[in-house]
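**Q** Turn this into a structure:
(one chain, ligands or ions: 1)
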Amino acid sequence: MSRFIFITGGVVSSLGKGIASASLGAILQARGLSINMIKLDPYINVDPGTMSPFQHGEVFVTEDGAETDLDLGHYERFASIACKQSSNFTTGRIYEKVIAKERRGDYLGATVQVIPHITDEIKNSVLASTNDADIVLVEIGGTVGDIESLPFMEAIRQLGVELGHDKALFIHLTLVPYIAAAGEIKTKPTQHSVKELRSIGIQPDILLCRSEHPIPEDERKKIALFTNVSPDSVISALDVDHIYKIPRELHEQGLDDIVVKKFNLEVPAADLSDWDNIVDSLQNPKHSIDIGFVGKYIEHTDAYKSLNEAFAHAGIHTHTQVNIVKIDSDSLEDQGMEALLNLDAILVPGGFGSRGVEGKIKAVNYARTNNVPYLGICLGMQVAVIEYARNVLGLKKAHSTEFNPKTPEPVIALITEWKDREGNIEVRDEDADLGGTMRLGAQTCKLVPGTKSQKAYGVETIYERHRHRFEFNNNYLDALQNAGLVISGVSVDNELVEMVELSDHPWFVACQFHPEFTSRPREGHPLFNSFVNAALKYKQGKSN
Ligand code: GLN
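**A** Here you go, the predicted structure:
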């Protein structure tokens, strides 16, 4: 039977609970244990699919097509596990299930209440998602004391009792701030946070204390005394310059030992050589490049979390420091192309909404006509097709119906009937609900032998994740191909264009899917590695 680790947060949000949980997952894996990870999100949205990336950061898409919290991206990257729809529950999803059961009469006339019906649903959802792993890490979003997280806290408290002490463990992540004026760290917020947690019946076994400075021994003892946690289980989670250092940091303080002892597990010592190699490569790059990142949410790094990580991974595997130069697509529309002049490569990432689209099309034009390596992802492929149609094929009014529903040349358009992952026909139209009408999740793509895309991947079929509504319009396929656009990847049934590229350009590749969701620090990702190598070559060419 699986053991469970429940991870809660206190004091403030944004302490990196997801990364800490994922790092613990990684070190437990390094001890030969199988793990699974689940995120419980107390907000009311059924899933984060409709939430603004400004507010909530990136929407992470799982292989099975769930739109989930970005922490699942950390789980996949640190622990190399494949998360699923069942790896992320929100309050909205739990209530949706309970209300459906109530309507069906499943509760046999009972008054449906938070305790026990909502809490039972949470417990059952967790217990049904273990994947038979040795250890299941369950992270609860938000901070202790939030009204909306109470049912989740109550559910994990009950699970702790029902599973027993050798099967359940509670970790609380808090902040130990450094007050510069006093020149000392303060333990009071941690004491209060644990007090709050204990008032709802949860005694943490381990405290992870985020701090800028190491926590002195006597302060650690003080925290232990006030929180009823053993002193060696008060772990300091120091700020680090790179997240992939965290597994080693936590291991050095014995976090994995505390866990395996508590669960009475006989396991080998941790082998963290993968993580040491990753950190070594990050800290000793041999080259550096500047990639222009032309987007709308550029100031908000969480909005492109997986993409930033994918570039870090490509840097690890090509020994390159990849500098992301953020370029606001709006500014390209009114201030010209100066911002693009000294870059080694240009990327247009995924995006929604018409703001900044003309700036992105200009960036594509600049990359294409100046032989600058270009990678287009999702919207980045759509604008590449629009640019090519307008400026090479001569269809001056070419557009996507997303941005101009009345365009006379809809080279990118909504396909109203299409096959979903199981081959069922799905119908969507302009007015359909925003939640759940997208092409979502991993699908097979066939690559055309000999193309740059195929050579980059080194195989002929790939399995990549989608999240978009609009598609390449096949009515323009022949005309665009005759004008020189190379179709380098198509769906299994040959119906959908998945990748395009140019043959008379050093490296101009665009894809309708999101390769960043499958990039891992240990393995890297072939398309990003190939793009970074092209940028290195371009940079060398400039200096010769
Ligand atoms: N807005 C475009 C679409 O819906 C692209 C989406 C994306 O880049 N993820 O098709």
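**Q** Just want the most central residue of the chain.
**A** Closest residue to the average C-alpha location of the chain: Gly73 at 3.3 Å, with Cα atoms, centre = their mean.
**Q** Arg104 is in contact with Val112, correct?
**A** No. Contact between Val112 and Arg104 fails when scored by Cβ atoms under 8 Å: they sit 11.8 Å apart. Bear in mind the C-beta positions are built from the backbone N, C-alpha and C, glycine included.
**Q** Compare these two (neighbour count), which wins?
**A** Set Val112 next to Arg104 and count neighbours by other Cβ atoms under 10 Å: Val112 wins out with 13 against 8.
**Q** count of neighbours near the nearest residue to the more buried one once chain neighbours are set aside?
**A** Of all residues not flanking Val112 in the chain, Glu102 sits nearest, at 5.0 Å (Cβ to Cβ, 6 or more residues apart in numbering). Glu102 sits with 14 neighbouring residues when counted by other Cβ under 10 Å.
**Q** Please look at Glu102 and Gly109 and confirm they touch.
**A** No. Counting by Cβ under 8 Å, Glu102 does not reach Gly109; the two are 10.2 Å apart.
**Q** Close to the ligand: what parts of the stretch 351-500 of the chain are there?
**A** Counting by Cβ under 6 Å from any ligand atom, the residues of the stretch 351-500 of the chain close to the ligand are 351-352, 378-379, 402, 467-470.
**Q** want to throw these into JSON lines with pLDDT, distance to Asn124 and secondary structure?
**A** Output for those, formatted as JSON lines (pLDDT from 0 to 100; distance: Cβ to Cβ, whole Å; DSSP: H, G, I helix; E, B strand; the rest coil):
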{"residue": "Gly351", "pLDDT": "89", "distance to Asn124": "38", "secondary structure": "coil"}
{"residue": "Phe352", "pLDDT": "88", "distance to Asn124": "35", "secondary structure": "coil"}
{"residue": "Cys378", "pLDDT": "97", "distance to Asn124": "36", "secondary structure": "coil"}
{"residue": "Leu379", "pLDDT": "96", "distance to Asn124": "39", "secondary structure": "helix"}
{"residue": "Glu402", "pLDDT": "93", "distance to Asn124": "40", "secondary structure": "coil"}
{"residue": "Arg467", "pLDDT": "94", "distance to Asn124": "29", "secondary structure": "strand"}
{"residue": "His468", "pLDDT": "94", "distance to Asn124": "33", "secondary structure": "strand"}
{"residue": "Arg469", "pLDDT": "93", "distance to Asn124": "33", "secondary structure": "coil"}
{"residue": "Phe470", "pLDDT": "94", "distance to Asn124": "38", "secondary structure": "strand"}
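**Q** Checking my notes, Leu24 in a helix, right?
**A** Yes. Assessed with DSSP: H, G, I helix; E, B strand; the rest coil, Leu24 lies in a helix.
**Q** mind listing what it touches?
**A** Contacts of Leu24 were listed using Cβ atoms under 8 Å, 6 or more residues apart in numbering, and they are 5, 7, 137, 171, 250, 255-256, 259.
**Q** and with 7 Å instead?
**A** The contact partners of Leu24, by Cβ atoms under 7 Å, 6 or more residues apart in numbering, come to 137, 250, 255.
**Q** same check, this time on Val385
**A** Here Val385 is in contact with 411-412, 472, 500 (Cβ under 7 Å, 6+ apart).
**Q** quick one: the longest helix along the chain to chain centroid distance?
**A** Under DSSP state H, the helix in the chain containing the largest number of residues is helix 526-543. Relative to its parent chain, helix 526-543 has a centroid offset of 25 Å by Cα atoms, centre = their mean, to the nearest Å.
**Q** Over to stretch 486-503?
**A** 25 Å.
**Q** Show me what whichever strand or helix holds Leu282 is packed against.
**A** In the assignment (DSSP states H and E), Leu282 maps to helix 273-283. When contacts are defined as 3 or more Cβ pairs under 7 Å, 6 or more residues apart in numbering; DSSP states H and E, helix 273-283 packs onto helix 246-252, helix 305-318.
**Q** re earlier: so which of the contacts of Leu24 is the most crowded?
**A** Leu137 leads the contacts of Leu24 on contacts (other Cβ under 10 Å) with 25 neighbours.
**Q** Looks to me like it is in a strand.
**A** Yes. Leu137 forms part of a strand when assessed by three-state DSSP.
**Q** hey, what's it bridged with?
**A** Assessed by DSSP bridges, Leu137 has beta-bridge partners Ile5, Met37.
**Q** Go ahead and confirm it touches Gly25.
**A** Yes. With contact defined as Cβ atoms under 7 Å, Leu137 counts as touching Gly25 (5.4 Å).
**Q** Give me the common contacts of these two.
**A** 35, 37.
**Q** if we can go back for a sec, which of the residues of the stretch 351-500 of the chain next to the ligand lies closest to Arg220?
**A** Nearest to Arg220 among these, counting by Cβ to Cβ, is Arg467 at 44.1 Å.
**Q** Can you narrow the contacts of Leu24 down to the ones near the ligand?
**A** Within the contacts of Leu24, nothing lies near the ligand by Cβ under 6 Å from any ligand atom.
**Q** and His313, how far is that from the ligand?
**A** 20 Å (Cβ to the nearest ligand atom, to the nearest Å).
**Q** Ok, His300 next?
**A** 16 Å.
**Q** Can you report how many residues neighbour that residue?
**A** So His300, with other Cβ under 10 Å, has 17 neighbours.
**Q** Excluding chain neighbours, what is closest to it?
**A** Phe54 (5.5 Å).
**Q** For the chain, list the residue farthest from the centre, please.
**A** The chain, Cα atoms, centre = their mean, max distance from centroid: Gly109 (41.8 Å).
**Q** does that one belong to a helix or a strand, and which?
**A** Here Gly109 is assigned to no helix or strand, by DSSP H and E.
**Q** ok, back up a step: mean pLDDT and distance to Val126 added to the helices and strands packed on helix 273-283, as JSON lines?
**A** What follows is these, written out as JSON lines (pLDDT from 0 to 100; distance: least, Cβ to Cβ, whole Å):
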{"stretch": "helix 246-252", "mean pLDDT": "95", "distance to Val126": "23"}
{"stretch": "helix 305-318", "mean pLDDT": "95", "distance to Val126": "25"}
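**Q** Just send the ones you listed back as TSV, with distance to Ser86 too.
**A** As requested, those are arranged in TSV below (distance: least, Cβ to Cβ, whole Å):
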stretch	distance to Ser86
helix 246-252	25
helix 305-318	20
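**Q** Tell me which of those helices sits most buried.
**A** helix 305-318 (a mean of 23; mean count of other Cβ atoms under 10 Å).
**Q** So which elements touch that one?
**A** helix 71-79, helix 273-283, strand 320-328, helix 526-543.
**Q** Show me the shaky parts of this structure.
**A** The model of the chain has pLDDT under 70 over residues 53, 297-298, 416-436.
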